[in-house]
Each structure stands twice: as structure tokens, then as C-alpha cells.
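S.K.: Here's my sequence, what's the structure:
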Amino acid sequence: MLNKKEEISLSKFMTKILRHTPQEYGIVLESRDGSCPTAALLQAVRSRPKWKAVTMEEIEQVVRNSDKQRFEIIGDRIRARYGHSHQKLSYEPGQPPDVLYHGTNMFVLQEILAEGIRPMGRQYVHLSEGLHFASLAGQRRGQLVILAVDTRKAHEQGTQFYYAGNEVWLADEVPADCCSPLETALNP
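M.R.: Okay, here's the model as predicted:
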């Protein structure tokens, strides 16, 4: 059983492998859903001295306890649900709720309000059904700002939404006029 610090460290390592640099660790992700065999991930993790004794149960612990539910195990396969930078995964288009939320920071607010939300170094823009996940994502880099996204208006302008699971939605980009900052986020 991992302690909280070890769990966070292993989660970050798994994120690196499954979302950003799988090839560095000999992992080939299925292009359809970004998954790989759990046995292959376990072998890749164990290839590092720090993690040579990690067990499948500890990987399952990380998956189960991830605050953003980053990972998913289905049968004998594991995947990162979203956040990939190495290849663009395909997701089925879906019908999101009328409003989704995007967590960001005050530093980029004016740029977003002028140009919209873009994926930056990721393959998709990440949006959430609730404020919790938006807050987790946005508070990492400065003063938190939460944007409400009018999904109907965005869809009318050609934005396609994809459900990644666990309240997370993805889009290629979101037009600026579909985004509005929540007042409570600007005036805590």
C-alpha cells in the first residue's frame, strides 16, 4: 500500500507514460482509445529503480484514488482518459450539458476572452460538468478563474464535444464569445 506522497509520485509517473511519452518506456498505445495492457504499464513502471517493487494493486490504488480520475482500467487494459500530448485520440462526439466549465488563471483570461479556449500543448481543450474538476485544473498556475462555456452556442458555431468520462468533456477549441468568467471566481 502506497502512502499519499508515493501515490502522487506514481500518479505523475503514470501520467508521463500514458499521456506524454509512452514510446520512451516501450509502450504502444492503442490509437482507438489510448490504452495499453496493464502488464505492459506495470513492466514500464518497474523499469525504474524507484518503482522496481511496485505491484498491480498499487497501480490500481492510484487509479482508484486519482482526484481527477485521470486513469481507467477496463479488463486487462489501462488508459489515461484525457490530457494526451503525444497523439490525438479519437473520441465519440457527444451531447454535453448546456454549460460546461473550464478552469484557468487570471494571467490568460484576457487572451481567452479575445481568442477563445485553445488546447495549447494538449490535443483537446478540457472542460468539466462541475466546478470541482475545473477548480482543480485552474488552480495549478496562479489565481483561479472559472469560465462557463455555453455549449449550445459553441455547437452552433461548429464546436464538437467529446465525452472522456467522469464529468470531463473535450473540444478542439471553444470560441471566445461562448466563454464567460464566473463572478464568484473573480471576486472570492
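
S.K.: can you tell me the average pLDDT over the particular helix or strand that has residue 163 in it?
M.R.: Taking DSSP states H and E as the definition, residue 163 sits inside strand 161-165. Strand 161-165 carries an average pLDDT of 87.

S.K.: Contacts made by it with the rest, please.
M.R.: 69, 72, 81-82, 91-96, 100, 124, 127, 151, 154-155, 169-171 (Cβ atoms under 8 Å, 6 or more residues apart in numbering). The C-beta positions use only the backbone N, C-alpha and C, and glycine is treated the same way.

S.K.: Got a quick PyMOL command for the buried subset of those?
M.R.: The buried residues among the contacts of strand 161-165 can be selected in PyMOL (16 or more other Cβ atoms under 10 Å) with this line:
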select buried, resi 69+72+81+82+91+96+100+124+127+151+154+155+169+170+171
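
S.K.: So which of the contacts of strand 161-165 belong to helices?
M.R.: Among the contacts of strand 161-165, the members found in helices (DSSP state H) are 151, 154-155.

S.K.: Residue 41: which of these is nearest?
M.R.: residue 151 (33.5 Å; Cβ to Cβ).

S.K.: Would you quantify the distance from the residue nearest to that closest one when sequence neighbours are not counted to residue 136?
M.R.: Closest residue to residue 151 apart from its sequence neighbours, by Cβ to Cβ, 6 or more residues apart in numbering: residue 96 at 4.7 Å. Per Cβ to Cβ, to the nearest Å, residue 96 is found 19 Å from residue 136.

S.K.: Can you give me the pLDDT of residue 188?
M.R.: For residue 188, the model assigns a pLDDT of 46.

S.K.: want to throw the ones in helices among the contacts of strand 161-165 into JSON lines with distance to residue 116 and pLDDT?
M.R.: Listed next are those as JSON lines, based on distance: Cβ to Cβ, whole Å; pLDDT from 0 to 100:
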{"residue": "151", "distance to residue 116": "14", "pLDDT": "97"}
{"residue": "154", "distance to residue 116": "9", "pLDDT": "97"}
{"residue": "155", "distance to residue 116": "14", "pLDDT": "96"}
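
S.K.: Name the nearest of those residues relative to residue 38.
M.R.: Distance to residue 38, by Cβ to Cβ, is smallest for residue 151 among these, at 34.1 Å.

S.K.: average pLDDT for the longest helix that the chain contains?
M.R.: The single longest helix within the chain, with elements called by DSSP H, is helix 4-15. Per-region confidence: helix 4-15 scores 93 on mean pLDDT.
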